[in-house]
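**Q** pasted the sequence and its predicted model underneath.
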Amino acid sequence: MKNMTAADIMQELVEGGMYIQLKTKERQLEQIRNVVKEELINSEVKRHEFKKQGLVAKFVPKKVSRIDTTALNTYLDDLGYLKKVVELDHSLLKDNLFMAEQLMDYKVPGDCTVVPYFNKIGKQLLKSTDTISEGTIKEHLLNFNMINKEYKQLEEKYESVKLEMQSCSLLKEHRKLSYKYGSVIIKENKPKYENEEIFKDFGSGVLIEYGKPNTEKLNDLMLNGSIKKSDLEQFKHIENVRLDFVIMSLDDEDKLRNAWMSKRIG
């Protein structure tokens, strides 16, 4: 792919079949999830282990909450954690152009990502009528393992190629390149800001009004005992509780559990 533009590379991905395979595997995994979910949804048991397949299928309750962010930020400021935990949220500045301009110098150059878009011909190529075969849950999960392995390999290759497209000088210059099946654009990710510098120059008000707590940093404060989880509940308003359905390997489930435990101990 040497000396090829991002548009040339994307066209080769489509015509060579790799991108179409990636999207086909993605759809097949989603179909299997839906089929297995429908089979298990009425069971009283919410966690189903399939040792032979090395997988677990489970329904995980997920609280849908509305956070009173301004009140939470004020609480964190009172405790002295505001500048350490709260980060300026660019999306909250869109209605205040004056403040957005004032904070331009505090912006940290954001990362970019390459996004492909498809025209009518491209969308037709990506359309698939493939459906998974009928079978038992265990048969579906065996297929899930095989397809998921192939999908991850394709995804890894695609992410590597995206980095190559991202370095295309022509794409950097024009921001968008067209090709036979659509276009490739370079899209800036959400910008970040120098939050501690903003706090130093503007005081706490800007971060309280236009900031959001970094979830990971907030969790760290709870895990080390600086803040109690119960103290944060007053800022959370539960609007709904949904059941998310996930299929993952038993190994991945163990890794997640161990990571959570090690954070608690640490």
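**A** On my side now, so go ahead.
**Q** need the strands for the protein, in chain order.
**A** 47-50, 55-67, 86-88, 107-108, 112-118, 176-179, 182-188, 192-193, 211-213, 236-249 (DSSP state E).
**Q** what's the closest of these to residue 30?
**A** With C-beta to C-beta as the criterion, residue 30 lies closest to strand 236-249 of the strands of the chain, at 10.7 Å. All C-beta atoms are positioned from the backbone trio N, CA, C, and that covers glycine.
**Q** partner strands of the closest one, parallel or antiparallel?
**A** strand 55-67 (antiparallel) (DSSP bridges).
**Q** got the buried residues for the partner strand?
**A** 55, 56, 57, 58, 59 (16 or more other C-beta atoms under 10 Å).
**Q** out of everything not next to it in sequence, what's closest to residue 222?
**A** residue 229 (5.2 Å; C-beta to C-beta, 6 or more residues apart in numbering).
**Q** what is the neighbour count of the one you found?
**A** The tally of other residues near residue 229 (other C-beta atoms under 10 Å) stands at 11.
**Q** what's the spacing between it and residue 221?
**A** Computed as C-beta to C-beta, to the nearest Å, the residue 229 to residue 221 distance reads 10 Å.
**Q** quick one: which of the buried residues of strand 55-67 is nearest residue 157?
**A** When the buried residues of strand 55-67 are compared for distance to residue 157 (C-beta to C-beta), residue 55 wins out at 24.1 Å.
**Q** can you pull out the helices in the stretch 51-200 of the chain?
**A** Taking DSSP state H, counting those that start in this stretch as the criterion, the stretch 51-200 of the chain carries its helices at 69-79, 82-85, 97-102, 120-126, 137-166, 169-174, 195-202.
**Q** which among those is found nearest to residue 234?
**A** The stretch from the helices of the stretch 51-200 of the chain with the least distance to residue 234 (C-beta to C-beta) is helix 69-79; that distance is 8.1 Å.
**Q** which residues touch that closest one?
**A** With C-beta atoms under 8 Å, 6 or more residues apart in numbering as the test, helix 69-79 has contacts from 82, 85-86, 204, 207-209, 211-213, 226-227, 231-232, 235.
**Q** same deal with stretch 226-239?
**A** 63-69, 71-72, 75, 79, 81, 218, 221-222.
**Q** could you list the low-confidence segments of the stretch 51-200 of the chain?
**A** Along the stretch 51-200 of the chain, the model assigns pLDDT under 70 to residues 129.
**Q** quickly list what residue 213 is bridged to.
**A** residue 86.
**Q** quick revisit: looking at the helices of the stretch 51-200 of the chain, which one is packed in the most?
**A** For those, the stretch with the most neighbours on average is helix 82-85, a mean of 19; neighbours defined as mean count of other C-beta atoms under 10 Å.
**Q** distance between it and the chain's centre?
**A** Between the centre of helix 82-85 and the centre of its chain there are 23 Å (C-alpha atoms, centre = their mean, to the nearest Å).
**Q** packing partners of it?
**A** Judged by 3 or more C-beta pairs under 8 Å, 6 or more residues apart in numbering; DSSP states H and E, helix 82-85 is in contact with helix 69-79, helix 195-202, helix 204-210, helix 215-223.
**Q** which positions within stretch 30-46 qualify as buried?
**A** Buried residues in stretch 30-46, counting neighbours by 16+ other C-beta under 10 Å, are found at 31, 32, 33, 35, 36, 40.
**Q** what is the burial count for the closest residue to the third one other than its chain neighbours?
**A** Okay, so that is residue 33. The spatial neighbour of residue 33 that comes closest, neighbours along the chain excluded (C-beta to C-beta, 6+ apart), is residue 247 at 5.9 Å. Using other C-beta under 10 Å as the criterion, residue 247 is surrounded by 21 other residues.
**Q** roughly how far apart are residue 247 and residue 86?
**A** In this structure, residue 247 and residue 86 are separated by 36 Å, where distance is defined by C-beta to C-beta.
**Q** coming back round to it: would you turn the helices and strands packed on helix 82-85 into a markdown table with distance to residue 143?
**A** What follows is the helices and strands packed on helix 82-85, written out as a markdown table (distance: least, C-beta to C-beta, whole Å):
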| stretch | distance to residue 143 |
| --- | --- |
| helix 69-79 | 43 |
| helix 195-202 | 47 |
| helix 204-210 | 48 |
| helix 215-223 | 35 |
